[in-house]
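Need the 3D shape of this:
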Amino acid sequence: MLDIRLSHHMPGHSVDAMEHIAFLGLGRMGAPMARRLLAAGQPLTVWNRTPEKAEQLVAEGARCAASPADAVRDADVVITMLAGPDALDAVAQAAVEALRPGVHWVEMSTVGPDAVRLLEARLEARLPGGVTLVDAPVMGSTDKAATGALGILAGGDTTGVEHVLAHLGTVTRTGPLGSGAALKLVLNSAVISGVAVVAEALRLADALGLADDTVRTALANGPLAGAVARAFAEGVHFDAPLAVKDLELATRTTRLPAAEAVLEYYRRVAEPGEDLSAAAARIRTASTSQKQRGIPMKVTIDSPAGAPQPLSPYYSQVARVEQADGSALLYLSGQIAEGDTLAEQSRGVFETIDALLKAHGATLADIINIRTYLTDIDKLQEYGAVRREFLTGTPPTSMTFEVSKLFRPEAQIEIEVVAAIPANR
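Here you go, the predicted structure:
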C-alpha cells in the first residue's frame, strides 16, 4: 500500500466482552493487520485462500477457518483485506449465508466504490438492515500495517467499529458508504502516476548527464517529494501488479488519458511479487537498455492447430508477443461458447481458453488479466462459480462489464485474456 498520513486518530475503546473478529485475506498487508488485532487481545478467526499463510497467526493464538463461511459464522466484526473486486465478490458469495444479524463488515481492500455498492446489495439481500457495512481502505505500506500506523479512509457509519480500527491506525471519515473506496482510488492513482513521472524525470536526467544524487535531492525537495520517496522506498511493499489493478479501476471510472498512458507503462514493467519501486526502476531504464523488456522481438498471430477454431474466419485466436528476454505475452481474442445456460457457456469458454493456452505452452495459471462481458450482470454469481473451478490460484487482474448484446445473439458471455509465459519455460 501507499503511505499518506491522515488525521483524526480514534481513541481507544474498552468493552466488557471483546468482539469476535473474522479477518479474511492474509496477504502482505492483511497478515500484519490481523496480527495487530491478535496482539490487542481480540478473539480472532482468520481465513486465506492459501491456508499456509495463516500458520504463524495460528501459532500466536488465532483460529484458522476452513472457508469464508466458517470464518464469519460466529463473528461480530468481519474484516476483508483482499486483492481486488473479484476476490471480494467471491469471498462475499461464500460468506454471506453464514452471517448473523448485527454483524459489522469492514471492507479494507482497494476495490473502488462499485464493488462496495455490490457488496452492500448482497448483504442487504441476505440480512435486510442486519449488517452494518463500512468501507475503510488503507494508506500506508507493510511497515505501517505492522505498527498500527496506517491511514484509514472510512466511509459509512464507523460508530460500532471505531475501537477496532484504532488498533490499525488513524481514521479519516470520508463521508457516506463508498466514499472511502472512492478517495482511495484518487490517492492511489495520483501517487502511482507520480512515481512513473519521477522515473521518467530521472531518465531525462540520465540522458542529460546529470549526477544522480543531485537530481534526486532536487526532486525530493520539490512538489513530487512523496512520489520520490515512494520510488526509492526500502523495507516496504506495494505489489506492482496491484498498482496496475488500481489504475485499471480508476481509468474505468472516467476518461483519464495521462493515467491510461501510465497504466500501459506499468503493464509492461510490473512483475508479480515485486515492489512498485522495482517497476519505477524499469521505467527509468527502459529507453537505454539494449534488453528492454517492453520491446517485442517477434509477434505472431494464429489460430493454433488442435485447439478450437474461431467461429468467424475474420479474426485469429491468439497474438503472441515474444520479448527480448525470451518471455512472451499471449493475447486471446474474445471467446464465446455454446450452451443453454450461462454456466454451460462459461465452462465452454474456459475450456477453449485452456486449449488455446496449452497450444502455446501456457496454462490457466499464467493468466494475468481477464475481461468478461455479460449480457446480464445479475448472473455474476453463476459465472463466478464456474470461474473459480478453472482459476484456482491467485486471481488475475480483471474487469467485468455488462453489455446489451454480443455478436452472436445466443451468447450470454464473452471472455478475453492476457497470459504471461516466463522466459525459462
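
show me the contacts for the residue nearest to residue 379 when sequence neighbours are not counted.
Computed as CB to CB, 6 or more residues apart in numbering, the closest residue to residue 379 that is not its neighbour in sequence is residue 342, at 4.9 Å. In this view, the C-beta of every residue, glycine as well, is placed from N, C-alpha and C. For residue 342, the contact set (CB atoms under 8 Å, 6 or more residues apart in numbering) comprises 374, 376, 379, 382-383, 412-413.

how about a cut-off of 6 Å?
When contacts are counted by CB atoms under 6 Å, 6 or more residues apart in numbering, residue 342 touches 379, 382-383, 412.

any chance you could map the helices in the stretch 1-150 of the chain?
Along the stretch 1-150 of the chain, counting by DSSP state H, counting those that start in this stretch, helices occupy 30-39, 55-59, 68-72, 85-95, 113-126, 142-147.

just to revisit the earlier point, can you tell me how far the residue nearest to residue 379 sits from residue 382?
The gap separating residue 342 from residue 382 is 5 Å, by CB to CB, to the nearest Å.

now swap in residue 369 and tell me
As judged by CB to CB, residue 369 and residue 382 stand 22 Å apart.

quick one: which of those two has more around it?
Neighbour tally, residue 369 and residue 382, criterion other CB atoms under 10 Å: the higher count belongs to residue 369, 20 against 17.

So what sits opposite the more buried one in the bridge?
For residue 369, the beta-bridge partners under DSSP bridges are residue 397, residue 418.

what sits up against stretch 229-249?
Taking CB under 6 Å, 6+ apart as the rule, stretch 229-249 contacts 1, 28, 84, 110, 112, 141-143, 185, 188, 192, 195, 198, 259, 263, 266-267, 270, 272, 274-277, 279-280, 397.

Could you pick out the longest helix of this structure?
For the chain, the longest helix by residue count, based on DSSP state H, is helix 179-208.

and the helix or strand hosting residue 230, how far from the chain's centre?
Using DSSP states H and E, residue 230 sits in helix 225-231. Put simply, helix 225-231 sits 22 Å off its chain's centre (CA atoms, centre = their mean, to the nearest Å).

Now it: average pLDDT?
Taken as a whole, helix 225-231 carries a mean pLDDT of 94.

buried stuff in that helix?
Going by neighbour count (16 or more other CB atoms under 10 Å), the buried part of helix 225-231 is 226-228, 230-231.

Adding distance to residue 59, write the residues you listed out as a markdown table.
Shown next, in a markdown table, are those (distance: CB to CB, whole Å):
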| residue | distance to residue 59 |
| --- | --- |
| 226 | 37 |
| 227 | 39 |
| 228 | 39 |
| 230 | 33 |
| 231 | 36 |
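
JSON lines please, covering the helices of the stretch 1-150 of the chain and showing mean neighbour count and mean pLDDT.
Formatted as JSON lines, the helices of the stretch 1-150 of the chain follow (neighbours: other CB atoms under 10 Å; pLDDT from 0 to 100):
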{"stretch": "helix 30-39", "mean neighbour count": "21", "mean pLDDT": "97"}
{"stretch": "helix 55-59", "mean neighbour count": "14", "mean pLDDT": "97"}
{"stretch": "helix 68-72", "mean neighbour count": "22", "mean pLDDT": "98"}
{"stretch": "helix 85-95", "mean neighbour count": "23", "mean pLDDT": "94"}
{"stretch": "helix 113-126", "mean neighbour count": "18", "mean pLDDT": "95"}
{"stretch": "helix 142-147", "mean neighbour count": "19", "mean pLDDT": "95"}
